[in-house]
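[1] Okay, sequence plus prediction incoming.
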Amino acid sequence: MRQDSSKSVLSLRDLTIGYDGRIVMENINFDVKKGEIISILGQSGCGKSTLLKNIIGLYEPLKGSIEILGRNLNECSEARRRVMMKKMGITYQSGALLGSLTIAENVALPLEEHTRKSAGEIQKIATEKLTLVGMEKFADYMPSEISGGMKKRAGLARALALDPELLFFDEPSAGLDPISSAEFDTLIKNIRNKSNATVVLVTHELDSIFSISDRVVVLDKTIKTIADIGNPYDLRINSKSEFVRRLLGRNNLKRQE
C-alpha cells in the first residue's frame with residue numbers, strides 16, 4: 001500500500017447521515033490516508049451510496065463533520081468549495097457521459113470549465129487520459145457507440161482530467177462481466193500506483209474488495225453504523241463482528257502475497 005501514514009486526506013467525525021428526518025447511519029468515524037484504497041461495503045439499502053454523496057458534498061450531513069484535505073467541505077465558502085471539488089474525481093455506475101459529446105469532448109469538459117488552458121493543451125491532456133485507461137482509439141466515438149465497460153473507462157478518464165488527489169467510485173463493477181470487472185480493478189490499482197491518488201469506492205463486489213482494497217469499511221444497517229473497519233483478509237477471520245465475518249467469508253479468495 002502506497003500511503004503516507006502521517007497524513008489523512010479524508011476524515012469523518014461523529015457523522016450522522018439521512019434524509020427526510022430519517023437517520024440512515026450514525027456515529028461514523030474513520031480516516032483515509034494518502035494513497036490508500038478503501039472500500040465501503042454493506043447490505044443493500046444500508047446507506048453506502050448515501051454516505052458517498054455526503055462525502056462528495058451532494059448531501060448535507062445531519063450531524064458531524066467531513067474534512068477533505070484538512071478542510072470541512074460543508075463549511076467552505078462557495079469559492080473555496082469549487083477549488084476543493086477540483087481536487088476530487090468522481091465516477092458513477094453508468095459513466096454519466098453526455099450523449100451529445102464525443103468521448104474526447106466528455107473528457108475535455110472539466111478542463112474547459114475549470115482551467116484556462118488552450119484548446120491544443122486540452123486536447124493533448126484528454127488524449128493522455130484516454131490513453132491511460134485504454135480508450136484512445138475511441139476518442140471520436142459517441143457514448144451510444146461504445147459498451148458499458150468502455151463508458152466506465154471513459155468516465156474514469158474524465159474524472160482524471162484535473163489530476164485529482166482523491167478518486168471516488170460508485171459501484172465501479174456494476175454491470176460488468178467477471179473478466180471486465182477484474183480488468184477495471186487492475187486499472188484502478190495501476191492508476192493509484194502511478195499517481196498516488198487516494199481511492200474511495202462503494203461496492204458490493206467482494207472480489208474487487210479483496211483484490212485491490214487496503215482496508216474496507218463495513219456498514220451494518222441493523223445497528224446503523226460501522227460494524228468494523230480494517231484489512232478485508234484480517235476482518236474475514238478476526239473481526240469481532242459475526243456479521244462482518246459472515247459477509248466477508250462469502251469470498252474464498254486466498255491472500256495474495
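    Good, I have the coordinates.
[2] And the nearest residue to Ile125 once chain neighbours are set aside, how far from Ile122?
    Spatially, and ignoring its direct neighbours in sequence, Ile125 is nearest to Leu111 (6.0 Å; Cβ to Cβ, 6 or more residues apart in numbering). The way it works is simple: take the backbone N, C-alpha and C, and place the C-beta from them, glycine included. Computed as Cβ to Cβ, to the nearest Å, the Leu111 to Ile122 distance reads 5 Å.
[3] next one: Ala96
    For Ala96 relative to Ile122 (Cβ to Cβ), the value is 20 Å.
[4] coming back round to it: pull the helix or strand encompassing the residue nearest to Ile125 out as PDB, backbone CA atoms only.
    In this assignment (DSSP states H and E), Leu111 forms part of helix 103-114. Coordinates of the C-alpha atoms in helix 103-114 are reproduced here as PDB (Å, rounded to 0.1, in the frame of the first residue of the first chain):
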ATOM      1  CA  ILE A 103     -15.700  10.600 -25.700                       C
ATOM      2  CA  ALA A 104     -12.800  13.100 -26.100                       C
ATOM      3  CA  GLU A 105     -15.100  16.000 -25.700                       C
ATOM      4  CA  ASN A 106     -16.500  14.500 -22.500                       C
ATOM      5  CA  VAL A 107     -13.000  14.100 -21.100                       C
ATOM      6  CA  ALA A 108     -12.100  17.700 -22.100                       C
ATOM      7  CA  LEU A 109     -15.200  19.200 -20.400                       C
ATOM      8  CA  PRO A 110     -13.700  19.600 -16.900                       C
ATOM      9  CA  LEU A 111     -10.600  21.300 -18.400                       C
ATOM     10  CA  GLU A 112     -12.800  23.700 -20.400                       C
ATOM     11  CA  GLU A 113     -14.900  24.600 -17.400                       C
ATOM     12  CA  HIS A 114     -12.200  24.800 -14.700                       C
END
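[5] Point out the other helices and strands that it packs with.
    helix 119-132, helix 148-159 (3 or more Cβ pairs under 8 Å, 6 or more residues apart in numbering; DSSP states H and E).
[6] Need the contact partners of it.
    82, 86, 97-98, 101, 117, 121-123, 125-127, 129-130, 135, 138-143, 146, 154, 157-158, 161-162 (Cβ atoms under 8 Å, 6 or more residues apart in numbering).
[7] 7 Å instead?
    Contacts to helix 103-114, defined as Cβ atoms under 7 Å, 6 or more residues apart in numbering, come from residues 86, 97-98, 117, 122-123, 125-126, 129-130, 135, 138-141, 143, 154, 157-158, 161-162.
[8] So how do I select the buried members of these in ChimeraX?
    In ChimeraX, this line selects whichever of those come out buried by 16 or more other Cβ atoms under 10 Å:
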select :86,97,122,123,125,126,129,130,135,138,139,143,154,157,158,161,162
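[9] so who does the closest residue to Leu160 other than its chain neighbours touch?
    Closest residue in space to Leu160, ignoring its immediate chain neighbours: Lys129 at 5.0 Å, by Cβ to Cβ, 6+ apart. Neighbouring residues of Lys129 by Cβ under 7 Å, 6+ apart: Val107, Ala157, Leu160, Ala161.
[10] and Lys129, how far is that from Pro164?
    11 Å.
[11] which residues in the chain form helices?
    Assigned by DSSP state H, the chain shows helices spanning 48-55, 78-85, 103-114, 119-132, 148-159, 178-195, 206-212, 232-238, 242-249.
[12] Now for the closest residue to Ser65 other than its chain neighbours, how many residues are close by?
    Distance criterion Cβ to Cβ, 6+ apart; nearest residue to Ser65, sequence neighbours excluded, is Arg13 at 4.9 Å. Residues near Arg13, counting by other Cβ atoms under 10 Å, number 15.
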